[in-house]
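*Asks:* For reference, the sequence and a predicted model appear below.
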Amino acid sequence: MGRHLVFVYGTLKAGEPNHEEFLQPPHDAVFIGKGATVERFPLVIASRYNIPFVLDAVGQGNRVQGEVYEVDDNTLANLDELEEHPEYYERRQTRIELFNPSATVLECGMYFLHGFHEKLLTLPRYDNYSSAGAHGLPYRLRDDRVPDPLHPYSTIDDVKKDFV
């Protein structure tokens, strides 16, 4: 069974809404440390569900802060399913600098929103996400999202350029 390094920056971080469901037992995930992307990316909050997205636009934005985990194949597959990789998000290797005395740089899988609508680049950009942050945009869990059959909605409508 393989081991993989993943960098999480949003609802999967410790204390955030999806952490316990995806990165706590029975899932095989080992916390490695906190860090930030070496390169700059826009981290925005979008859609009616207030989802944090890192846009695939290198050089625009901030060094995004988050956490590195070492996960097994099954946990990685669960994360890919949550992030709808590769259709919605794309997971790719990204350099992460750990916040440790030696500033260790690791190659980690990180989820990026690709093919996004350019209007997302006009949103406020963050370097560190918290659902309870001062931005006032708390994340809405999937279980709390009430579908309206008369007005179907998908976050893709708000964020992907092919659908706007």
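*Replies:* Perfect, thanks for sending it. Numbers count the residues shown, from 1 in each chain.
*Asks:* Which residue ranges of this structure form helices?
*Replies:* 19-23, 73-82, 155-159 (DSSP state H).
*Asks:* Let me have those helices in CSV, extended by mean neighbour count.
*Replies:* C-beta: built from backbone N, CA, C; applies to glycine. Listed next are these as CSV, based on neighbours: other Cβ atoms under 10 Å:
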stretch, mean neighbour count
helix 19-23, 17
helix 73-82, 16
helix 155-159, 17
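*Asks:* Let's have the ones you listed in CSV, adding distance to residue 102.
*Replies:* Converted to CSV, the helices of the chain look like this (distance: least, Cβ to Cβ, whole Å):
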stretch, distance to residue 102
helix 19-23, 25
helix 73-82, 26
helix 155-159, 37
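*Asks:* Which one of those helices lies nearest to residue 118?
*Replies:* In terms of Cβ to Cβ, the element of these nearest to residue 118 is helix 155-159, at 10.8 Å.
*Asks:* Switch the helices of the chain over to JSON lines; also include mean pLDDT.
*Replies:* Listed next are the helices of the chain as JSON lines, based on pLDDT from 0 to 100:
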{"stretch": "helix 19-23", "mean pLDDT": "94"}
{"stretch": "helix 73-82", "mean pLDDT": "96"}
{"stretch": "helix 155-159", "mean pLDDT": "64"}
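*Asks:* Compare these and give me the one nearest residue 57.
*Replies:* helix 155-159 (12.9 Å).
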